[in-house]
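**Q** Just the structure for this:
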Amino acid sequence: MSAMEASLPEDRKQIQKQYNAYVRYSNLAIQMIVIIGGGTYGGFRLDKYLGWKVPVFTIVLSLLSVTAAIWFAVKDLLKK
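**A** Coordinates of the predicted model:
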C-alpha cells in the first residue's frame, strides 16, 4: 500500500469539511436574500395597495428585513 492510498481518508475528510462549509454559507446567503427580498417586496406591495406617495412601508419593512437577516445570520454563525 502506498503512502498516497493511506492518506486518502484524511483527504476525503478535508474535502468534506470544505464542502460542508460551502453549503452552510451558501444557504446563509440564500436565506438572507429571501428575507430581505420578501420584506422589501411586501413593503412595496403594501405601499402600492394603500396608494401612498411616500414609500413608508417599503422603507420600514426593508430595514426590518435587513435587521432580521443579520440577526438570523449571526445566530446561525454562532451555532456550531
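**Q** least trustworthy helix or strand in the chain by mean pLDDT?
**A** helix 3-6 (a mean of 51; mean pLDDT, DSSP states H and E).
**Q** Of all the residues in stretch 57-66, which ones are buried?
**A** 57, 58, 61, 62, 64, 65 (16 or more other CB atoms under 10 Å). C-beta here means a position set from N, CA and C on the backbone, and glycine is covered the same way.
**Q** out of the residues you listed, which one sits closest to residue 75?
**A** Nearest to residue 75 out of these is residue 65 (CB to CB; 15.3 Å).
**Q** element containing the closest one, please.
**A** helix 56-78 (DSSP states H and E).
**Q** any idea how far the nearest residue to residue 44 once chain neighbours are set aside is from residue 22?
**A** Distances taken as CB to CB, 6 or more residues apart in numbering place residue 58 nearest to residue 44, at 5.0 Å, with adjacent residues excluded. Distance of residue 58 to residue 22, given as CB to CB, to the nearest Å: 33 Å.
**Q** Equivalent analysis for residue 30, please.
**A** Taking CB to CB, one finds residue 30 at 12 Å from residue 22.
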